[in-house]
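Undergrad: A structural model of the following input is requested.
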Amino acid sequence: MDGHHFRVFAVTFHPEMEREFISGGWDNTIQFWDTRQQHSVRMLSGPHVCGDTLQIDAAVNHILSGSWRKDNALEIWDYVSGQKVTEVPHDYQGESKIYTCHWLGQDHIVAGGSQSNMLRVINRWTMTTESRLLGLSSAVFGSSVCLAGKWTGLIAATSGTSVYLLERDGQHHSKK
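TA: Numbering: from 1, shown residues only. As a prediction, the model looks like this:
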């Protein structure tokens, strides 16, 4: 395969390799690109990407991918080899088909999606949910994590026509 064959929903540059980036979409692949090349340089098969669900952690060279599917919805991959490192299990409150996911510092993952209409903060090392936003009327389609400054770790998430702000400690949230 030389590039994608269906819609592409996510693209992200490698934070430390300025000429390299990855993309994912409906064709169940993550394509690896180099700005000096016209075509993708390699790929890995698996993730069914339907949102902003590709993130790279340069500290350990891992890719976080989210898929809109029942099984293997959240996975972590080795950037260099393309091999799966682990799968993040579903929350005991229900399964989510993932539309958005991010690294939250070195120790956590933020992920949201449909089916359970939930946003989760997951401990990266134990793979357990540490906090969640439940009872939403529709899927969580987008999220963002503030990376610096006074509000480092603040999470913004969207569901339906609402935007939610969640403090990193998981104690408070507000609906805008």
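
Undergrad: what's the spacing between A59 and Q106?
TA: 6 Å (C-beta to C-beta, to the nearest Å). Yep, even glycine has a C-beta here, placed from its N, CA and C like the rest.

Undergrad: Equivalent analysis for L44, please.
TA: According to C-beta to C-beta, L44 and Q106 sit 23 Å apart.

Undergrad: Looking at those two, which one has more neighbours?
TA: L44 (22 against 10; other C-beta atoms under 10 Å).

Undergrad: Enumerate every residue touching the more buried one.
TA: When contacts are counted by C-beta atoms under 8 Å, 6 or more residues apart in numbering, L44 touches 29-30, 32, 77, 82.

Undergrad: possible to save these as TSV with distance to G153, neighbour count and secondary structure?
TA: Converted to TSV, these look like this (distance: C-beta to C-beta, whole Å; neighbours: other C-beta atoms under 10 Å; DSSP: H, G, I helix; E, B strand; the rest coil):
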residue	distance to G153	neighbour count	secondary structure
T29	32	23	strand
I30	27	26	strand
F32	30	19	strand
W77	24	23	strand
G82	30	15	coil
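
Undergrad: which of the residues you listed lies closest to T12?
TA: Distance to T12, by C-beta to C-beta, is smallest for I30 among these, at 10.2 Å.

Undergrad: which residues sit in contact with the closest one?
TA: 22-24, 43-44, 46-47, 49, 54, 63, 65, 77, 82.

Undergrad: Please, which helix or strand holds the spatially closest residue to Y164 that is not a sequence neighbour?
TA: Nearest residue to Y164, sequence neighbours excluded (C-beta to C-beta, 6 or more residues apart in numbering): A157, at 4.8 Å. Using DSSP states H and E, A157 maps to strand 155-159.
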